[in-house]
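Visitor: My questions are about this predicted structure, shown below with the sequence.
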Amino acid sequence: MLTILLDSRKSEPLYQQICRAIRREIAQGRLQPNEKLPSRRALSAHLQTSLMTVQTAYEQLTAEGYLYARPRAGYFVDPDAHLLFQEPDPLLLTSPIQPEPVPPKDQINFSTSGVDLEQFPFATWAKLSRQVLSTKQETLLHATPAMGLYPLRRAISAHLREFRGIHAAPEQILVGAGTEYLLGILVQLLGASRRYAVEEPGYPKGKHILRSNGASVIGIPMDQSGLKIQALRQSGATIAHVTPSHQFPTGIIMPVRRRAELLEWAAEQPERYLIEDDYDSELRFQGKPLPAMYSLDNGGHVIYMNTFARTLAPSLRIGYVVLPPLLAKRFEQDFSFYSSTVPSFEQYTLVRFLQEGYFERHLNRMKKTYHQRQDLLISALRSHPMSKHIRVCGEAAGLHLLLEVRLSCTEQELVQAAQEAHITVHGLSAYYETGGRAAAPPQVVLGYACLSPKEILEGTKRLLDAWEQFLP
């Protein structure tokens, strides 16, 4: 059986990774002329990827001349495949590898992808880990169920019931190594042949993951309330991925009326689904949180997704989805052969962290810390002489702000001026895929979770000082 290491985090689609690996096997003689390749179904099960991904790879290699197909027999290595390989250019083999550029020591990055790791409760986590090691020795080395340990699913169920008003049985909860992995699993569960609607602008990696699993993806424009319903209806999509609690990167919090319209769209056909990505719903600073769409759904059309990466640490790689009962049953029937992608040791530790109230206390502490940093950032922005030329948006929740800049310049000029001042920011246009933004005041995305108070003050001043060159 071919063993190919697939990486869904790469921009290269999975089927192309399979093609590249098989070409290498043929070139190095490990696959001989006329040798039969594993069946599509066997290889997809072995690589834990979709049947469509393997099928696409085999068809691509056949079109290139590396393989040939026999009806009802499968795919075989073409006898002339070796003719497709050429000797490598010696100059390419001796070209020096360019080292990655080292950022300046005073570089300040307003990144949206991290959290404050200094706040992680190391002492508590270490104590709970020791308890797990001393009390769970008999079970730690056992195989973990595909959907995750039942005690963890039960603890997540209790957490969702208390904090998000979601009533879901533990049997509906699937635990996995982060939302990126889980999104790929959902494509396999729902079908890669469907069309998936995503928010435009939106989370770029989510689009890459959907496409790498063979899905057709279409961006749906936004208005001030979120995803445009009319555009969604015209798109032909049957599944929509949305972030209603705090849209990334615009910061829009979807009002109840728009949520109801999305639920109405989903209910019109039995196989329509909404993937509700609630990635930072716990980090809300103003008003009461709106109910999750899952809690408003009466027809089993919402798949709820969340992660502990934003509230604990990204490296834990623990996320989860709540499946409607029908999909939970389908997963149990068709995908129970999977092994859990989260080690049982981390799962048992997280169970104790949730059940003994540590997560709630940690969450309250982080909300206070992040709110203070957001207040500091907004205060620094509004106290600068440039304040009358900027507008802060999206401060009600989450770990980033949107800054509208009312100057006669482009987003690219703002980003470049910031870089020259050793400040890293990204323009809103960077999160558009289909045609970019219409003419509008330039907007810049500012994340602040990874920055200390000193870095926030210094970074804000250097950023706005750099933009003063664009004043009329």
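Guide: Cool, got the structure. Numbering: from 1, shown residues only.

Visitor: What residues of the helix or strand encompassing residue 196 count as buried?
Guide: Counting by DSSP states H and E, the element that carries residue 196 is strand 195-200. Using 16 or more other C-beta atoms under 10 Å as the test for burial, strand 195-200 gives 196-200. No exception for glycine: its C-beta is placed from N, CA and C like everyone else's.

Visitor: ditto for stretch 345-356
Guide: Neighbour-count burial for stretch 345-356 flags 346-354 (criterion: 16+ other C-beta under 10 Å).

Visitor: ok, of the residues you listed, which one's closest to residue 157?
Guide: Residue 157 lies nearest to residue 354 out of those, by C-beta to C-beta, at 10.2 Å.

Visitor: Tell me if I'm right that that closest one and residue 159 touch.
Guide: Yes: counting by C-beta atoms under 8 Å, residue 354 does reach residue 159; the two are 5.8 Å apart.

Visitor: Can you give the strand pairings for the strand holding residue 196, parallel or anti for each?
Guide: strand 216-223 (parallel), strand 239-242 (parallel) (DSSP bridges).

Visitor: I'd like the next helix or strand past that strand.
Guide: Once the chain leaves strand 195-200, the next helix or strand it forms, by DSSP H and E, is helix 204-212.

Visitor: Flag the shaky bits of this protein, pLDDT-wise.
Guide: The model of the chain has pLDDT under 70 over residues 1, 85-101, 287-289, 434-439.

Visitor: okay, now the domains of it?
Guide: 14-88, 108-117+361-470, 121-356 (automatic domain parsing).

Visitor: could you pull out the helices for the stretch 301-450 of the chain?
Guide: For the stretch 301-450 of the chain, the helices defined by DSSP state H, counting those that start in this stretch cover 325-334, 344-355, 358-383, 411-420.

Visitor: Take the domains of the chain and write them to a markdown table, including distance to residue 102.
Guide: Shown next, in a markdown table, are the domains of the chain (distance: least, C-beta to C-beta, whole Å):
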| stretch | distance to residue 102 |
| --- | --- |
| domain 14-88 | 30 |
| domain 108-117+361-470 | 12 |
| domain 121-356 | 23 |
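
Visitor: Nearest to residue 8, out of those domains?
Guide: domain 121-356 (5.4 Å).

Visitor: Span of the closest one from start to end?
Guide: 14 Å (C-alpha to C-alpha, to the nearest Å).

Visitor: any idea how far that domain is from the chain center?
Guide: On the basis of C-alpha atoms, centre = their mean, to the nearest Å, domain 121-356 sits 10 Å off its chain's mean C-alpha point.

Visitor: what about the nearest residue to residue 327 once chain neighbours are set aside, neighbour count?
Guide: Spatial nearest neighbour of residue 327, chain neighbours left out: residue 189 (6.3 Å); criterion: C-beta to C-beta, 6 or more residues apart in numbering. A count of nearby residues for residue 189, using other C-beta atoms under 10 Å, gives 20.

Visitor: roughly how far apart are residue 232 and residue 112?
Guide: Distance, residue 232 to residue 112, by C-beta to C-beta, to the nearest Å: 25 Å.

Visitor: try residue 303
Guide: Using C-beta to C-beta, residue 303 is found at 24 Å from residue 112.
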